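# All I have is the shape, not the residue letters:
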């Protein structure tokens with residue numbers, strides 16, 4: 001589904017990603033873990049095309065998308081749940097969802113998003129800037145699903161959420177996996193990340209320093225202490 005090979009990304013002359021390689025298979029959840037400032041969001045931005053890689057290749061569904069602009073990646077089946085939610089504040093909940101709809105007859109419709117997030121149906125006429133943080137996160141995920149993606153990029157979806165809402169996001173991610181969606185998940189909440197992931201990679205200073213199954217990382221307290229501050 002997604003293949004990232006030897007990706008180097010810069011901001012100006014600042015070298016942020018140093019040869020990152022990983023893959024996400026069909027229906028698989030791959031989680032990127034690491035402390036703040038280690039390059040996790042830059043990796044997401046490189047994949048979607050906001051900050052293209054200078055070296056290396058990114059292939060999605062067999063196509064080399066390394067230099068594609070974001071709209072082409074979305075048209076090709078990639079969805080993004082950005083860090084900080086980035087909902088359209090002046091639009092209603094319904095308008096935020098409808099503006100993302102691709103109209104290609106995919107499985108994710110307004111009714112199906114409402115089934116996943118009943119609260120969004122209740123708040124359909126409210127402007128997005130009147131929602132709570134948890135409701136805005138639901139809206140950000142729902143909006144991405146309305147593009148009917150084959151691969152979903154999720155950047156810190158539990159950031160700033162209360163524990164009850166963290167569990168809710170975890171439930172939704174598990175449900176999306178059952179739907180067969182591939183997910184590249186950037187997350188700092190280790191228990192939630194380990195619960196939903198098929199594979200985990202730890203990023204430090206722009207490099208993958210550890211890769212394993214969730215159970216292997218759960219048992220590796222040295223890696224947790226050194227790179228995740230646990």
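In hand now; what should we look at? Since the model is a prediction, treat every value here as computed from it, not as a measurement.
# When you work out contacts or count neighbours from here on, use the C-alpha atoms and nothing else.
OK.
# Contacts for the helix or strand where residue 44 lies next, please.
Taking DSSP states H and E as the definition, one finds residue 44 inside helix 40-48. The contact list for helix 40-48 (CA atoms under 8 Å, 6 or more residues apart in numbering) reads 9, 16-17, 32-34, 51-53, 58, 66, 69-70, 73-74, 78, 80, 83, 153, 155, 186, 203, 206.
# what helix or strand is the residue nearest to residue 116 when sequence neighbours are not counted on?
Distance criterion CA to CA, 6 or more residues apart in numbering; nearest residue to residue 116, sequence neighbours excluded, is residue 172 at 7.5 Å. Using DSSP H and E, residue 172 sits in helix 163-178.
# Kindly report the same for residue 51.
Using DSSP H and E, residue 51 sits within no helix or strand.
# I'd like to know how many residues surround it.
Neighbour count for residue 51, taken as other CA atoms under 10 Å: 19.
# Helix, strand or coil: sort out the residue sitting nearest the centre point of the chain for me.
Nearest to the geometric centre of the chain sits residue 154, at 1.2 Å (CA atoms, centre = their mean). Residue 154 falls in the strand class when you classify it by DSSP: H, G, I helix; E, B strand; the rest coil.
# the helices in this structure, which residues?
40-48, 70-75, 93-98, 110-116, 118-122, 133-145, 163-178, 190-196, 214-219, 221-223 (DSSP state H).
# Buried ones only from the contacts of helix 40-48, please, as a PyMOL command.
Selection command for PyMOL covering only the buried members of the contacts of helix 40-48, criterion 16 or more other CA atoms under 10 Å:
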select buried, resi 9+16+17+32+33+34+51+52+53+58+66+70+73+74+78+80+83+153+155+186+203+206
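# Just the buried positions in stretch 149-166, please.
Buried residues in stretch 149-166, counting neighbours by 16+ other CA under 10 Å, are found at 149-159, 165-166.
# residues in contact with residue 124?
Taking CA under 8 Å, 6+ apart, we find residue 124 in contact with 92-94.
# if you set the cut-off to 6 Å instead, what comes out?
For residue 124, the contacting residues are 93-94, by CA atoms under 6 Å, 6 or more residues apart in numbering.
# and it, how far is that from residue 91?
10 Å (CA to CA, to the nearest Å).
# okay, how far is it across stretch 54-64, tip to tip?
End-to-end distance (CA to CA), stretch 54-64: 14 Å.
# roughly how far apart are residue 45 and residue 75?
The gap separating residue 45 from residue 75 is 16 Å, by CA to CA.
# more neighbours, those two?
Using other CA under 10 Å, the more surrounded residue of residue 45 and residue 75 is residue 45, with 20 against 13.
# Roughly how far does that one sit from residue 39?
Counting by CA to CA, the separation of residue 45 from residue 39 is 10 Å.
# Over to residue 125?
Per CA to CA, residue 125 is found 37 Å from residue 39.
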